[in-house]
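S.K.: Here is the input, now give the coordinates:
(one chain, ligands or ions: 2)
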Amino acid sequence: MGKRKHSLNGSSEHENHEALEKRMKSKGRVSFGDVTIYHFPRKQGFVSVPSNGGSTLGMARRHLWIEKLRVDLAKTSADDQKPFAPISQKARRSILKSAGVRRILKTEERDCAKLRLSRVICGCNCGDICYSETCECILSGIGCQVDYGSFPCSCQPNGCQNGNGRKQYNPSTVEKHYCETFARINGENVGPAVLKYVGVAIV
Ligand SMILES: [Zn+2]
Ligand SMILES: [Zn+2]
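M.R.: Ligands and ions are numbered 1, 2, ... in the order given. As a prediction, this is how the structure comes out:
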C-alpha cells in the first residue's frame, strides 16, 4: 500500500514538474506559486538597540494564524516598495500600545542607552603609535580597527605595533566585494568594465 502510494505520488510529481516546465517555456518567464504568511503577535523586543530610546518592536515566539496568498507580481509596483526608515520611540510606543502591549518596560531604555555608550567608548587611545604596555587593544588581546578618522582606534598604519593585527575600513574594497558578490549571484563574471561603471577603483 505504502509502495503504491509512493509510486503514485512520484508520477504525479513528475507530471506536475513537466506541466510546470511546459508552462514556463510557453510563457518564457518564471511564475510564482502561493505565499504562506505567518502572523505573530507584537511584543516589546529586548533584542535590538535602536539609535535612540528603547521600547523596541518585537514579536511573540509563536504565530497566531497563517495566511495563504497568491503572488500577483502585477500588483507589486514601485509605490509598494517603501524604503526602510527609522521609527521614532514615540511611534514605536504607540505601535506597541495599539497592538495590545499594556506594560512597556522602561528598563529597556536604560539598557539600550548603556549599549549605545559602550559601542562608542571602544578602541585604543594610543595616538599614532601603539605600545604593548599601554595599548588597550593589545592588553585586551584584540586587533586594532579604524573605521574613520581615529575611531575606534587612533593608531596610524606605520605606528601600530599590535600583534593581533590592525584593520582599516576601506570603502573601495567593500564596494568591490559588493559588486563581485552581486555579479556572482547574477551568474556573471565581473570585469573591469563593470567595476569602472560602479565607480570602484581596481586595486
Ligand atoms: Zn587599537
Ligand atoms: Zn593599534
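
S.K.: Can you list the buried residues in the strand or helix carrying residue 109?
M.R.: Element membership of residue 109 [criterion: DSSP states H and E] is helix 107-120. For helix 107-120, a neighbour-count test (16 or more other C-beta atoms under 10 Å) marks 108-109, 112 as buried. (Each C-beta comes from the backbone N, C-alpha and C, glycine too.)

S.K.: cool, stretch 40-58 as well?
M.R.: Buried-residue list, stretch 40-58, by 16+ other C-beta under 10 Å: 42-45, 49-50, 53-58.

S.K.: Quick check, pLDDT for the most centrally placed residue in the chain.
M.R.: What sits nearest the mean C-alpha location of the chain, by C-alpha atoms, centre = their mean, is residue 84, with 12.0 Å. Residue 84 is assigned a pLDDT of 75 by the prediction.

S.K.: returning to that earlier point: farthest pair within the buried residues of stretch 40-58?
M.R.: Pairwise distances among the buried residues of stretch 40-58 were taken by C-beta to C-beta; the largest, 18.6 Å, belongs to 42 and 49.

S.K.: if we can go back for a sec, sitting in strands, which of the buried residues of stretch 40-58 do you find?
M.R.: 42-44, 57-58 (DSSP state E).
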